[in-house]
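In: pasting the sequence and the predicted model now:
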Amino acid sequence: MIEPTQLPDPELSRLATEWRSRALHGDPGARGIAHELESELRRRNGARFPAFDTLDMRSLESRQKRPLQWRFWRRSEGDAAR
């Protein structure tokens, strides 16, 4: 692989996005490569506001599931009869 320092900015950004996507889809070796590419981008451009979709390290399946919606303020049927 070419050193990240030798890549132009657009290519570096494209590769970082591609490798992060691979890592989120379960490729075991992609996380380290994505991190290296993203680190070089941050070094060149400074820290930007993070994209929270890429920071979420859960699997794609668990991120697509709807979260449980708890309603603690609702009484149960047994409590309403009192």
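Out: Structure's in. What do you need? Because the structure is predicted, anything quoted here is derived from the model rather than measured. Numbers count the residues shown, from 1 in each chain.
In: output the helix or strand where residue 40 lies as PDB, nothing but the C-alphas.
Out: Element membership for residue 40 (DSSP states H and E) is helix 30-45. What follows is helix 30-45, C-alpha atoms only, in PDB (Å, rounded to 0.1, in the frame of the first residue of the first chain):
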ATOM      1  CA  ALA A  30      -9.800  -2.700   7.700                       C
ATOM      2  CA  ARG A  31     -10.100  -0.900  11.000                       C
ATOM      3  CA  GLY A  32      -6.400  -0.300  11.300                       C
ATOM      4  CA  ILE A  33      -6.000   0.900   7.800                       C
ATOM      5  CA  ALA A  34      -9.000   3.200   8.100                       C
ATOM      6  CA  HIS A  35      -7.600   4.700  11.300                       C
ATOM      7  CA  GLU A  36      -4.200   5.300   9.700                       C
ATOM      8  CA  LEU A  37      -5.800   7.100   6.700                       C
ATOM      9  CA  GLU A  38      -8.200   9.100   8.900                       C
ATOM     10  CA  SER A  39      -5.200  10.100  11.200                       C
ATOM     11  CA  GLU A  40      -3.400  11.500   8.100                       C
ATOM     12  CA  LEU A  41      -6.400  13.400   7.100                       C
ATOM     13  CA  ARG A  42      -6.800  15.000  10.500                       C
ATOM     14  CA  ARG A  43      -3.000  15.800  10.600                       C
ATOM     15  CA  ARG A  44      -3.300  17.600   7.200                       C
ATOM     16  CA  ASN A  45      -6.700  19.400   7.700                       C
END
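In: helices or strands up against that helix?
Out: Counting contacts by 3 or more Cβ pairs under 8 Å, 6 or more residues apart in numbering; DSSP states H and E, helix 30-45 is packed against helix 9-24. Backbone N, C-alpha and C define where each C-beta goes, glycine included.
In: now do the helix holding residue 40: everything it contacts.
Out: Outside helix 30-45, the residues within contact range by Cβ atoms under 8 Å, 6 or more residues apart in numbering are 1, 4-5, 7, 9, 12-13, 15-16, 19-20, 22-23, 48.
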